[in-house]
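J.: 3D model of this:
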Amino acid sequence: MRTDEGAPPAVRVLAPSGVRHRIGDRWGQLRHDDLVKNSFFLLAATATQGVLGMAFWLLCARLFPAGQVGEATALISASILLAYLSLLGFNSSVIHYLPKASHPDSWMNNGLVLCTAVSVVLGAGYVLVLPSIAPRLAFVRHSPLETIGFIFFVTMTALVLFTDAVFIARRQAKYNLLVDGFVQGVTKLVLPLAMVSIGAYGIFAATGFASAFDVVVSLVLIVLVLGYQPRLRLNLPLVRQALDFSTANYVANLLNLLPTLVLPIAVIDELGAKPAAYYYIAFAIANLLNAISYSTSQALFAEGAHGDTARRVLVKRSARLLAAAAIPAGLLVAAIAPALLLVFGAQYSRHATATLIVLSLGVLPVAACTWAVTLLRVTKQLPALIGSNVAYAGVICGLAVWWARSGLVFVGLAWDIGNVVAAAIAGAVLWRRRALLGWGTDTAAREVGT
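T.: Sure, this is the predicted structure:
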């Protein structure tokens, strides 16, 4: 019987065992690739949070009246916004500086102290102005316990975001999946059953206690696994060292959040409540797609901070990973958009399909924008980082407000175009400075023997 051993090298066919061997080698490489591994865990954490979060809201919809659910969502949204404001960009700084820090405990201490102090101040300030800006939520002022609880839950939400950044910085994103995906998600599912009598505040408290449990488990893991020794005091020289980087990332992150706040308001103002619901569902589905880009880019940021992989290699590897994961997913969702929306009801399929298709096809601009902006962070191109995010927020919000009365599809186009513009600006800066940044020459390749 003829075997492939005697075949010329150009036409030799691999035996099944050879194919399995090569697949095994490739799988082994991927398992030990920190970029791939941590991207996977971050994406899995996001997906788990999404699934358990949907179950949480379905449970709340059955246990609580619709009005209480609406009040709770507004309160939760406010607490999340205050938590992001409390970070002061220090979540980005800890990812950038912690991997090479000579005193890593000081960086974590600084983050915990600053985030806690600022979140307490912002939470208390929000409670004071509630009667003026959101009278329907003023029930959190009805008793000192509810007021203190609100401030406490804002603080816990901020610390969840900070401890997440610590795990990412230390290449331990598997713990993000454990604490954010499972610990927080499952806890949040159980608590509403015990809080029905508290009304809207009970829903909010369920998410707050879940965040608190998340923080406790995260800190225990950081102490036991990462060897952190907590000392809640500020190291002012480190604060000054990170000031420029933290400030630039703080501004950039706030600009990045702006469209997600403005677009729903533009839709409801111009088109009404029902179109706003159609847009919300379409955007929520598309945002699950975009989690691929966000997760990969967070892992890229951490890998760039570690600096043990040449930048040119890291740039190419992350671009290939994003293209391989995001593009097929976007095309798939665009193809099945009508059936996917039918799960939410016939009216969603009828009115939101075109918008979901536009947003799904925008997965490539989002991937390009997120990737390029992350590389600006890695290389500390701070003016370009802020400039690209100014363009991102300005184009999306400006076009959305201008086009909203033309329909939801145009709001989706505004999102896509803003990402294209921001990606182009960030990409132009990176291309112009590629030699200076370390991926325009062979030096970077030689650093890792490629």
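J.: Now do the contacts for the residue minimising distance to the centre of the chain.
T.: The structure's the chain has its C-alpha centroid closest to residue 294; by Cα atoms, centre = their mean the separation is 5.3 Å. With Cβ atoms under 8 Å, 6 or more residues apart in numbering as the criterion, the residues that contact residue 294 are 42, 46, 370. Where C-beta positions appear, they are placed from N, C-alpha and C, glycine not excepted.
J.: Likewise for residue 405?
T.: Residue 405 is in contact with 270-271, counting by Cβ under 8 Å, 6+ apart.
J.: and if you look at residue 374?
T.: By Cβ under 8 Å, 6+ apart, the neighbours of residue 374 are 297-298, 300-301, 304.
J.: In TSV: these, plus distance to residue 146.
T.: Shown next, in TSV, are those (distance: Cβ to Cβ, whole Å):
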residue	distance to residue 146
297	38
298	35
300	42
301	38
304	43
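J.: between these, which is nearest residue 328?
T.: Proximity of the contacts of residue 374 to residue 328 was ranked by Cβ to Cβ; the top entry is residue 297 with 18.1 Å.
J.: count of residues packed around residue 377?
T.: By the criterion of other Cβ atoms under 10 Å, residue 377 has 22 neighbours.
J.: helix or strand for it, which one?
T.: Using DSSP states H and E, residue 377 sits within helix 363-378.
J.: Return the distance of that helix from the chain's centre.
T.: Computed by Cα atoms, centre = their mean, to the nearest Å, the chain-centroid distance of helix 363-378 equals 13 Å.
J.: for stretch 376-390, same thing?
T.: Centroid separation for stretch 376-390 versus its chain: 18 Å, with Cα atoms, centre = their mean.
J.: Kindly export that stretch (C-alpha atoms) in CSV.
T.: What follows is stretch 376-390, C-alpha atoms only, in CSV (Å, rounded to 0.1, in the frame of the first residue of the first chain):
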residue,chain,number,x,y,z
LEU,A,376,-2.4,55.2,21.7
ARG,A,377,-2.8,54.3,25.4
VAL,A,378,0.0,51.7,25.2
THR,A,379,2.4,54.2,23.6
LYS,A,380,1.3,57.2,25.8
GLN,A,381,0.2,59.3,22.9
LEU,A,382,-1.9,61.3,25.2
PRO,A,383,-2.9,64.4,23.0
ALA,A,384,-3.8,62.0,20.2
LEU,A,385,-5.8,59.9,22.6
ILE,A,386,-7.9,62.8,23.7
GLY,A,387,-8.2,64.2,20.2
SER,A,388,-9.4,60.9,18.7
ASN,A,389,-12.0,60.6,21.5
VAL,A,390,-13.2,64.2,21.0
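J.: I'd like the average pLDDT over that stretch.
T.: Across stretch 376-390, the average pLDDT comes to 93.
J.: what does that stretch rub up against?
T.: Residues from elsewhere that reach stretch 376-390 (Cβ under 8 Å, 6+ apart): 92, 96, 244-245, 248-249, 251-252, 255-256, 300-301, 304-305, 311, 369, 372-373, 422, 425-426, 429-430, 433, 437.
J.: Just the ones of those residues in helices?
T.: 92, 96, 244-245, 248-249, 251-252, 255-256, 300-301, 304-305, 311, 369, 372-373, 422, 425-426, 429-430, 437 (DSSP state H).
J.: Kindly report the domain assignment for the chain.
T.: 33-241, 254-450 (automatic domain parsing).
J.: so where do the helices sit in the stretch 51-200 of the chain?
T.: Counting by DSSP state H, counting those that start in this stretch, the stretch 51-200 of the chain has these helices, from start to end: 66-86, 90-97, 104-133, 144-169, 174-176, 185-190, 200-226.
J.: number of nearby residues for residue 383?
T.: Residue 383 has 10 nearby residues by other Cβ under 10 Å.
J.: ah, wrong one, I meant residue 237
T.: By other Cβ under 10 Å, the residues close to residue 237 number 9.
J.: Buried residues, the helix or strand hosting it. List them.
T.: Element membership of residue 237, judged by DSSP H and E, is helix 236-241. Residues of helix 236-241 classed as buried: 238-239 (neighbour count, 16 or more other Cβ atoms under 10 Å).
J.: where's it relative to the chain centroid, distance-wise?
T.: The chain centroid and the centroid of helix 236-241 are separated by 27 Å, computed with Cα atoms, centre = their mean.
J.: now for it, which elements pack on it?
T.: helix 104-133 (3 or more Cβ pairs under 8 Å, 6 or more residues apart in numbering; DSSP states H and E).
J.: excluding its backbone neighbours, what's nearest residue 74?
T.: Nearest residue to residue 74, sequence neighbours excluded (Cβ to Cβ, 6 or more residues apart in numbering): residue 137, at 6.0 Å.
J.: I meant residue 374, not that one.
T.: Closest residue in space to residue 374, ignoring its immediate chain neighbours: residue 297 at 4.1 Å, by Cβ to Cβ, 6+ apart.
J.: same check, this time on residue 358
T.: Distances taken as Cβ to Cβ, 6+ apart put residue 412 closest to residue 358, at 3.7 Å, once the chain neighbours are dropped.
J.: gap between the closest residue to residue 163 other than its chain neighbours and residue 175?
T.: Nearest residue to residue 163, sequence neighbours excluded (Cβ to Cβ, 6+ apart): residue 218, at 3.9 Å. Going from residue 218 to residue 175 by Cβ to Cβ, to the nearest Å gives 7 Å.
J.: Give the residues shared as contacts by these two.
T.: residue 167.
J.: rewinding a little: compute the number of surrounding residues for the residue nearest to residue 163.
T.: 24.
J.: what's the answer for residue 193, then?
T.: Residue 193 is flanked by 11 other residues according to other Cβ under 10 Å.
J.: same deal with residue 260?
T.: Around residue 260 there are 12 residues (other Cβ under 10 Å).
J.: likewise residue 128?
T.: 11.
J.: Tell me the spacing between it and residue 172.
T.: Distance from residue 128 to residue 172, by Cβ to Cβ: 39 Å.
J.: what's the answer for residue 302, then?
T.: For residue 302, the distance to residue 172 - Cβ to Cβ - is 10 Å.
J.: Tell me which of those two has more neighbours.
T.: Higher neighbour count among residue 302 and residue 172: residue 302, with 27 against 18, using other Cβ under 10 Å.
J.: Name the nearest residue to that one, sequence neighbours excluded.
T.: residue 168 (5.1 Å).
J.: The one you found is in contact with residue 176, isn't it?
T.: Yes: counting by Cβ atoms under 8 Å, residue 168 touches residue 176, with 7.0 Å between them.
J.: Overlap of the contact sets of the two?
T.: residue 42.
J.: which residues sit in contact with the residue nearest to residue 163?
T.: 159-160, 163-164, 166-167, 175, 179.
J.: Now the two most distant members of the residues you listed.
T.: 159 and 175 (14.5 Å).
J.: Weed out the non-buried ones from the ones in helices among the contacts of stretch 376-390.
T.: 92, 96, 245, 248-249, 251-252, 255-256, 300-301, 304-305, 311, 369, 372-373, 422, 425-426, 429-430, 437.
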